[in-house]
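1. Kindly generate the corresponding structure for this input.
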Amino acid sequence: MASLTHVCMWSKNGWKRITAEEAAKLHPGGTVHSHSGLFMCELCGQYVSLTDGTVQARHFRHSAHEKSKNCPERIAKYPISYDPKEHALPIRIVGVSSSSFRFELGLIRAPIYLLNSDFQIEIKPKNVLGVSYMFTKERLNYDSITYLSIGERPFEKYTLNFPDKSGKLRGFWPEEIHGIDPEGTLFEKASGKKLTYDADVEIDKEYYLLKRGCLDSGSCSSLRIQKITQKQFDRETWTLYVVTASVFNEEAAKFYLDFHCRLTYCPVSLQPVWPLFVEGNYVLKHSQNSMYMLVKGNTADIQTFPSTEVNQLYRNVSQSDQLKLYEITCFSRQQLVSVGRTQALQYTYFWKEPLDNIGVFPEVSVTDLLGSEVAPGETNNLPHNKTLCFKSTYDAEIIIFYKNRIIDKRKLPSGKQIEIDRLAYGVSVQVVIGLDIVWEIDIKKQQPFATKDEVELLKRIVNVSGAPIPVPHSLRNIMVGMDHYPQICQWIRKCIQDGTINEQSYRRLQEIYRNRNTK
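-> Residues are numbered from 1 along each chain as shown. I've put the predicted structure just below:
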């Protein structure tokens with residue numbers, strides 16, 4: 001068995017690399033078994049053993065009872081990577097309530113226009129008799145992902161059976177799909193999507209955990225665990241929880257590692273940057289010969305199928321960022337692009353086709369508490385009760401400024417109304433969807449017009465003789481106190497810009513300022 005060199009041990013701030021020699025000094029007394037949870041293989045995310053050194057020098061090794069036996073160091077596969085054709089079809093949990101849940105399998109976009117009208121696809125649990133789900137061509141979406149119901153009972157594996165004379169569909173829809181692990185499977189709570197083996201999870205993010213039986217009753221101070229429902233299938237009991245890690249520590253990290261996921265501050269992501277594209281679920285439409293992709297997190301190099309030229313333009317592998325920028329050549333009409341470690345964790349299909357669709361401008365509704373529509377732009381009037389109500393057809397973000405500085409940000413989920421209160425003069429509010437500002441208001445107090453009194457005061461200040469002096473620091477404070485005299489403030493701003501002010505003018509300005517503040 002190959003000796004392991006990518007082994008980590010938990011320290012105060014996370015998993016840190018350790019050599020067999022260093023581990024032997026910490027644990028001089030014989031074998032340290034994998035079930036101790038002390039040492040983890042960084043490549044496949046599984047616990048490993050430290051040998052006792054009676055036959056060979058002490059070294060790390062994988063266990064024969066591991067769930068996955070595809071670790072690159074175990075099978076001496078170099079460079080460390082995975083098959084670029086491999087990808088898992090998405091499964092999601094839906095209809096979650098206190099009494100039920102069910103599952104759907106996602107078929108990513110494929111060239112189904114090549115299929116005959118009598119095409120049928122069969123999805124069934126592997127090695128299970130009497131359970132299958134049949135779908136016709138009409139049930140499939142031509143230009144987006146298709147989610148198909150696969151019932152409410154969890155199974156470990158599913159198979160896809162369909163006629164594929166051309167052999168093109170298997171590149172999109174593999175024959176076998178990994179389903180629900182009875183020892184425990186995690187799903188994103190927001191989307192319901194099942195996490196892949198060795199996926200990254202985050203602090204303060206909610207996940208569904210589905211497992212056969214129940215969790216151990218031991219308390220976890222760094223985790224919030226809520227039981228949602230329990231269902232019986234024949235003699236099997238399955239329990240669904242919502243779990244959240246509130247602290248990044250060893251207890252939380254090892255909890256998720258038991259379900260083959262890694263707790264991290266920097267989850268793996270695959271983000272298109274340029275040129276223009278239309279992004280959908282697992283599909284990215286574009287019309288150019290190359291795409292720029294930003295990869296984040298602890299990953300091996302990017303993979304493509306069919307193989308194409310990939311150039312790394314930027315790399316920053318610090319613990320906080322772990323960013324890589326790639327340029328990918330796109331000559332094929334369909335191109336699978338993925339990132340992962342020992343298997344694909346994130347992937348998308350590039351579809352090269354004209355981007356000639358006309359986008360729909362997102363609708364944002366902004367009203368006051370009386371239901372009256374509020375127009376964007378600049379206004380001198382505060383809304384009723386100093387409150388605005390926002391609603392958007394797409395997920396958006398509300399950014400609140402005070403005197404051009406950001407003071408708050410709020411998420412605006414699609415279809416949900418959010419109220420922003422305690423608005424005041426000097427406040428600006430933007431509604432942002434993606435990178436676009438789709439609505440904006442600037443609440444400004446109306447400046448008074450110059451009065452006859454102000455004109456006389458300004459003449460008294462300006463019509464003097466004498467030498468100029470450098471602008472004193474107190475001049476800015478005086479300007480703030482004279483804000484109801486717009487012409488005088490304009491003159492002060494010019495003096496600040498020039499860097500000098502007449503000494504007699506400054507003395508008279510001080511006198512007017514003091515008299516105003518002692519009245």
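
2. Would you mind measuring from E353 to V278?
-> To V278, E353 is 9 Å away according to C-beta to C-beta, to the nearest Å. Every C-beta, even on glycine, is put in place using the N, C-alpha and C of the backbone.

3. now K231
-> Distance, K231 to V278, using C-beta to C-beta: 39 Å.

4. thought I145 was touching V283?
-> Yes. Assessed by C-beta atoms under 8 Å, I145 is found in contact with V283 at 7.2 Å.

5. and for the two, which residues touch both?
-> 108-109 (C-beta atoms under 8 Å, 6 or more residues apart in numbering).

6. Comparing E353 and V278, which residue is more hemmed in?
-> The neighbour count for E353 versus V278, taken as other C-beta atoms under 10 Å, is higher for V278 (15 against 12).

7. in the stretch 1-150 of the chain, which spans are strands?
-> For the stretch 1-150 of the chain, the strands defined by DSSP state E, counting those that start in this stretch occupy 7-11, 14-17, 39-41, 49-50, 60-61, 91-94, 102-107, 120-125, 133-136, 146-149.

8. ok, back up a step: now for E353 and V278: what residues contact both?
-> The contact sets of E353 and V278 overlap at K285 (C-beta under 8 Å, 6+ apart).

9. Any stretches of the stretch 201-350 of the chain with poor pLDDT?
-> The stretch 201-350 of the chain contains residues with pLDDT under 70 at 217-219, 300-301, 317-321, 342.

10. excluding its backbone neighbours, what's nearest I398?
-> R410 (4.4 Å; C-beta to C-beta, 6 or more residues apart in numbering).

11. surely the one you found meets A396?
-> No. The criterion here is C-beta under 8 Å, and R410 misses it with A396 at 9.4 Å.

12. With neighbour numbers in mind, choose between those two.
-> A396 (25 against 15).

13. and the spatially closest residue to the more buried one that is not a sequence neighbour, how many neighbours?
-> Distance criterion C-beta to C-beta, 6+ apart; nearest residue to A396, sequence neighbours excluded, is L412 at 4.2 Å. By other C-beta under 10 Å, 21 other residues sit near L412.

14. pLDDT wise, what is L412 at?
-> pLDDT for L412: 93.

15. which stretches of the stretch 351-500 of the chain have low pLDDT?
-> In the predicted model, the stretch 351-500 of the chain carries pLDDT under 70 at residues 355-360, 446-451.

16. rerun at 80
-> Scanning the stretch 351-500 of the chain for pLDDT under 80 picks out 351-362, 445-453, 481, 483-484.

17. which residues of it fall in helices?
-> In the stretch 351-500 of the chain, the segments counted as helices under DSSP state H, counting those that start in this stretch are 452-462, 474-481, 486-498.

18. same question, the stretch 51-200 of the chain
-> Going by DSSP H, counting those that start in this stretch, the stretch 51-200 of the chain shows no helices.

19. contacts for stretch 230-245?
-> 93, 96, 100-101, 152-154, 182, 186, 189, 201-215, 222-229, 252, 255-256, 263.

20. Could you do stretch 463-477 as well?
-> Stretch 463-477 has contacts (C-beta under 8 Å, 6+ apart) with 492, 495-496, 498-506, 508-509.

21. Recalculate using a threshold of 6 Å.
-> Stretch 463-477 is contacted by residues 496, 499-505 when judged by C-beta atoms under 6 Å, 6 or more residues apart in numbering.

22. Repeat that for stretch 45-56.
-> In contact with stretch 45-56 (C-beta under 6 Å, 6+ apart) are residues 23, 30-34, 37, 39-41, 58-62, 66, 198, 262.

23. Could I get the CA-only coordinates of it as CSV?
-> Extracted C-alpha coordinates of stretch 45-56, given in CSV (Å, rounded to 0.1, in the frame of the first residue of the first chain):
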residue,chain,number,x,y,z
GLY,A,45,-11.2,13.5,3.5
GLN,A,46,-11.1,10.1,5.3
TYR,A,47,-9.4,9.2,8.6
VAL,A,48,-6.1,7.2,8.3
SER,A,49,-4.0,5.1,10.6
LEU,A,50,-0.4,5.5,11.8
THR,A,51,1.4,2.2,11.9
ASP,A,52,3.4,0.9,14.9
GLY,A,53,6.7,0.5,13.0
THR,A,54,7.3,-3.1,13.8
VAL,A,55,7.7,-4.2,10.2
GLN,A,56,8.4,-1.0,8.4
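
24. just checking, which of the contacts of stretch 463-477 belong to strands?
-> If you go by DSSP state E, these have 500-502 in strands.

25. quick one: which of those residues is most hemmed in?
-> Counting by other C-beta under 10 Å, top hit in the ones in strands among the contacts of stretch 463-477: I501 with 21 neighbours.

26. Just the endpoints, please. Distance across stretch 481-489?
-> Terminal residues of stretch 481-489 are spaced 10 Å apart (C-alpha to C-alpha, to the nearest Å).

27. Show me which residues of it are buried.
-> Neighbour counts over stretch 481-489 (16 or more other C-beta atoms under 10 Å) mark 482, 485, 488-489 as buried.

28. Distance to V438 for those - can I get that in CSV?
-> Formatted as CSV, the buried residues of stretch 481-489 follow (distance: C-beta to C-beta, whole Å):
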residue, distance to V438
M482, 38
Y485, 38
I488, 39
C489, 34
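
29. R514: which of those is nearest?
-> The closest of the buried residues of stretch 481-489 to R514 turns out to be M482 (C-beta to C-beta; 11.6 Å).

30. Return the distance of the closest one relative to R476.
-> In this view, M482 and R476 are 11 Å apart by C-beta to C-beta.

31. wait, K157 sits on K126?
-> Yes. If you go by C-beta atoms under 6 Å, K157 and K126 touch, sitting 4.0 Å apart.

32. ok, now how distant is S392 from H384?
-> From S392 to H384 the distance is 21 Å (C-beta to C-beta).

33. no wait, W10
-> From W10 across to H384, the span is 55 Å (C-beta to C-beta).

34. Could you list the buried residues of stretch 140-160?
-> For stretch 140-160, by 16+ other C-beta under 10 Å, it's 140, 145-148, 150, 153-155, 158-160.

35. And for stretch 251-271?
-> Result for stretch 251-271 [16+ other C-beta under 10 Å]: buried residues 252-253, 255-257, 259-264, 266-268, 270.

36. same thing with stretch 438-445?
-> Using 16+ other C-beta under 10 Å as the test for burial, stretch 438-445 gives 438-439, 441, 443.

37. who's the residue nearest to E373 when sequence neighbours are not counted bridged to?
-> Leaving aside its sequence neighbours, E373 sits nearest to T367 (C-beta to C-beta, 6+ apart; 5.5 Å). Under the criterion DSSP bridges, T367 forms beta bridges with E373, C389.

38. Based on its surroundings, how many neighbours for T367?
-> When neighbours are counted by other C-beta under 10 Å, T367 registers 17.

39. still on that earlier bit, between the buried residues of stretch 140-160, which is nearest Q430?
-> For the buried residues of stretch 140-160, the minimum distance to Q430 (C-beta to C-beta) is 31.7 Å, reached by I145.

40. Per-residue pLDDT of that closest one, please?
-> Reading off the model, I145 has pLDDT 86.

41. Kindly provide the distance from it to L195.
-> 17 Å.

42. just D143 next, same as before
-> Counting by C-beta to C-beta - D143 and L195 are separated by 26 Å.

43. Equivalent analysis for C489, please.
-> Plainly put, C489 is 59 Å away from L195 if you go by C-beta to C-beta.

44. For C214, give me its contacts.
-> By C-beta under 6 Å, 6+ apart, the residues touching C214 are T239.

45. can you check the one 10 residues further on too?
-> Under the criterion of C-beta under 6 Å, 6+ apart, the contact list for R224 reads T244.

46. helix/strand/coil for it?
-> strand (DSSP: H, G, I helix; E, B strand; the rest coil).

47. Now stretch 29-42: buried residues?
-> For stretch 29-42, the buried set under the neighbour-count rule, 16+ other C-beta under 10 Å, comprises 32, 34, 38-42.

48. Once you drop chain neighbours, what's closest to G106?
-> P90 (3.9 Å).

49. For burial, what's the neighbour tally of the one you found?
-> 20.

50. rewinding a little: so which pair among the buried residues of stretch 438-445 is furthest apart in space?
-> Of all pairs drawn from the buried residues of stretch 438-445, the one with the longest distance (C-beta to C-beta) is V438 and I443, at 18.3 Å.
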